[in-house]
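Chemist: here is the input, now give the coordinates:
(2 chains)
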Amino acid sequence: MNLPNYQPDPSLTTRYLFFTGKGGVGKTSLSCATALKLAEAGKRVLLVSTDPASNLDEVLETKLTNAPTPIAGAPGLDALNINPVEAAAAYRERLIGPMRGLLPEAALRSMEEQLSGSCTVEIAAFDEFSGLIGNPEAVKGYDHVIFDTAPTGHTLRLMSLAKAWDQFLDTNTSGTSCLGPLAGLEKQRVIYEGTVKTLADASATTLLLVSRPQLAALREAERTSKELRALGVGNQRLVINGVFETKCPDDLTSQAMQQRGLAALAAAQEFISSLPSFIVPLRPINILGIGGLRVLLDGHGQAAEVTPQRNDWSLPEMGSLQDLVADIEKQGSGVIMTMGKGGVGKTTVAAAIAVMLARRGHSVHLSTTDPAAHVAQTLAGQVDGLTLSKIDPAAETAAYQAEVMNAQGAAMDEAGRSLLEEDLRSPCTEEIAVFRAFAREVGQGTNRFVVLDTAPTGHTLLLLDASEAYQRELERQARSTQPEEVLRLLERLRDPAFTRILLVTLPEATPVHEAAALQEDLRRARIEPFAWIINQSLLQSGSCDPLLQRREEAEHPYLREVVEKHATRTAWLPWQPEEPTGPEALARLAASSLEPALI
Amino acid sequence: MKTIQVYDPPMCCSTGICGTDIDPDLVNFAAMLAQLGARGLKIERYNLGQQPMAFAQNPAVKSLLEKEGTEALPVIFLDGEIYLKGRYPTKEERPALFRTALGEEAEVAP
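Modeler: Numbering: from 1, shown residues only, chains lettered A, B, ... in the order given. Reported below is the predicted structural model:
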């Protein structure tokens, strides 16, 4: 397959650009590099991250806010982060601020509590997002607005929300019904209609599906492509980032890496040729700063030609996943959650732990909260004692609607039932349904092992935020019909003997720093992570390929940083010549450890 | 034409489905208001989470909030007089409110 290199052409580029794809495929680097190119061609560019765990700050080496900030060294380029929690805080302040002194303190506090719920958080972020794309006035100074979106699940939700709210407002009969914090109905409506229209306009919007030359990522790009087409987003391109060609044909690791990529591309050939597709070659360095971004689209591995220097590096102490599981096993039951940035291998690590526990004779349930997960493909086979499930937002919402109608509908008259039914179709309901499903899966850990593969950081943070908001609301209420697993969720997540949080990372800057920030957030919520898992390390790969040698060497400071600065306990996993799918490969991966002889 | 004004506690929706719990009296009451509205009554509904200014501008509501806190919510007015406070009308109370609002001869729907 001969694909052209990706280059943003200022004369062909639409005003709105969306970068989406699985976590870890390079959405942030590519959207930044594209923004930089366009700005260097003399365009005015606004770069926007919608990821609750945005990495724009780190990549652009600039502290960003929710207002456009100029990027030093890149004239014409501004960037901003839409942080849902901050957007909700700003929204709260807009409502509450003017009331200070006019209403008693208790009333203000009660407003604040209500406006801290997950519904407000999601809608406040969605509101800012649709304000940028559905309202031409908001971005009139810019030639291009580039969105670096959160990993797929969240992005689909964001884009489908425009349609969902637009339709809900269309079919809403009572007018006073569940609009959540959408005050000023008519104004919002124009913006949502504008959002839906702009997304569907091929002369205004391009969707760039970003992938790695890796099967799971390509499959996810394909699914996303279909779903967004169904939502009307039809002008799509595919960019395959990190394509690797070895310069060292005799070496097993580099051969395997090249082979793995080629095999994935061949398997996805039909999808790749169904739309304009481009590649970006693998680079030897972490893409950080304006200089790094230039290397991404222009650089021909000048860095790769530098001879690797063996510095005074000494291997920090890292255990194996096997030892970790042996420790977890002692408890007999409980919840194990893998968390971290998208693309670090949370699903693989979760599946490997589940297989290992099941093979040791335990009853294990493996589940995911990631709307875009591929647990079943990763596991690819039956294991005795291991069951699988996935929190499917649509199914959970339908079940929740039915449950509420059954439980509450009975006490209602016909008119009440039909109003409730209408409100239950509000997009807000999905948040509650998913949250309850999450609580239910955690609750299952009382009598067996539950391994939960969570969605990428941003989504997980919002879920935890919702847990806290719920807890506060419950504490205020005398009466509750909530199931026990919802009532005890936060308590269980905070119990280190019940819930073991594993932070999964790659030995690279952004995943490590994102995991460290997540650890801080968890600690603020009084949840202490159990261990860090460093995945896909090239250490001891013994590759003779100069690019891979550079990448292996680039791991060193991050391995040290994890062990010495962040983790109380660390397990190390090597990069695998074959994608670890299926019980055998997963068990082999989990059993791997560093060879002391090679140190 | 009679007027019903409702000052709700802060909530996400008029049926409260986004909260931790759903109050059937609230949902039925919301449905009843829709029916009354359809029969020509003037219905005004304010939610502390979304229209706080309405609370500050109504001296009766403001003073209730000062004296009793948010426990006083919801406050339901019929033609400017407080009809009920602190809760929504129950199943047993709704027919009376419905009749009073429409005039005694009205057929009891809910």
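Chemist: how about the one helix or strand in chain B whose mean pLDDT sits lowest: buried residues?
Modeler: Each helix and strand of chain B was given a mean pLDDT (mean pLDDT, DSSP states H and E); the minimum falls on helix B:24-38 at a mean of 85. For helix B:24-38, the neighbour count (16 or more other C-beta atoms under 10 Å in any protein chain shown) marks B:24-37 as buried. All C-beta spots, glycine's among them, are computed from the backbone N, C-alpha and C.
Chemist: only alpha carbons, please: show it as PDB.
Modeler: Output in PDB follows, covering the C-alpha atoms of helix B:24-38 (Å, rounded to 0.1, in the frame of the first residue of the first chain):
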ATOM      1  CA  PRO B  24     -43.600  10.800  42.000                       C
ATOM      2  CA  ASP B  25     -45.500  13.700  43.500                       C
ATOM      3  CA  LEU B  26     -43.200  16.100  41.600                       C
ATOM      4  CA  VAL B  27     -43.700  14.400  38.300                       C
ATOM      5  CA  ASN B  28     -47.500  14.100  38.700                       C
ATOM      6  CA  PHE B  29     -47.600  17.800  39.800                       C
ATOM      7  CA  ALA B  30     -45.600  18.800  36.700                       C
ATOM      8  CA  ALA B  31     -48.000  16.900  34.500                       C
ATOM      9  CA  MET B  32     -51.000  18.500  36.300                       C
ATOM     10  CA  LEU B  33     -49.500  21.900  35.600                       C
ATOM     11  CA  ALA B  34     -49.200  21.100  31.900                       C
ATOM     12  CA  GLN B  35     -52.900  20.100  31.900                       C
ATOM     13  CA  LEU B  36     -53.900  23.300  33.700                       C
ATOM     14  CA  GLY B  37     -51.800  25.300  31.300                       C
ATOM     15  CA  ALA B  38     -53.600  23.700  28.400                       C
END
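Chemist: hmm, A:R417 is touching A:G409, no?
Modeler: Yes: counting by C-beta atoms under 8 Å, A:G409 is a contact partner of A:R417 at 4.9 Å.
Chemist: looking at this, A:F19 is in a strand?
Modeler: Yes: assessed by DSSP: H, G, I helix; E, B strand; the rest coil, A:F19 belongs to a strand.
Chemist: bridging residues for it?
Modeler: The partner list for A:F19 in beta bridges (DSSP bridges) reads A:D148, A:L208.
Chemist: for it, give me its contacts.
Modeler: Counting by C-beta atoms under 8 Å, 6 or more residues apart in numbering or on different chains, A:F19 touches A:K27, A:L30, A:S31, A:T34, A:I146, A:F147, A:D148, A:T149, A:L208, A:V210.
Chemist: and the closest residue in space to A:A202 that isn't next to it in sequence, its phi and psi?
Modeler: Leaving out its chain neighbours, the residue that sits closest to A:A202 by C-beta to C-beta, 6 or more residues apart in numbering or on different chains is A:N235, at 3.8 Å. Main-chain dihedrals, A:N235, degrees, to the nearest 10: phi -80, psi 90.
Chemist: and A:N235, how far from chain B?
Modeler: Distance of A:N235 to chain B, computed by C-beta to the nearest C-beta, to the nearest Å: 35 Å.
Chemist: what's the answer for A:P557, then?
Modeler: A:P557 is 46 Å from chain B, by C-beta to the nearest C-beta.
Chemist: how many residues are close by the residue nearest to A:A202?
Modeler: Close neighbours of A:N235, defined as other C-beta atoms under 10 Å in any protein chain shown, add up to 20.
Chemist: same question for A:S467.
Modeler: 23.
Chemist: check A:E520 too.
Modeler: Residues near A:E520, counting by other C-beta under 10 Å, number 11.
Chemist: about what we covered before: the residue nearest to A:A202: what's it in contact with?
Modeler: Counting by C-beta under 8 Å, 6+ apart, A:N235 makes contact with A:T14, A:A202, A:T205, A:T206, A:L207.
Chemist: who wins for most neighbours among these?
Modeler: In these, the most neighbours by other C-beta under 10 Å go to A:L207, 27 neighbours.
Chemist: hmm, it is touching A:L228, no?
Modeler: Yes: using C-beta under 8 Å, A:L207 makes contact with A:L228 at a distance of 6.0 Å.
Chemist: joint contacts of the two?
Modeler: Common neighbours of A:L207 and A:L228, counting by C-beta under 8 Å, 6+ apart, are A:T20, A:Q236.
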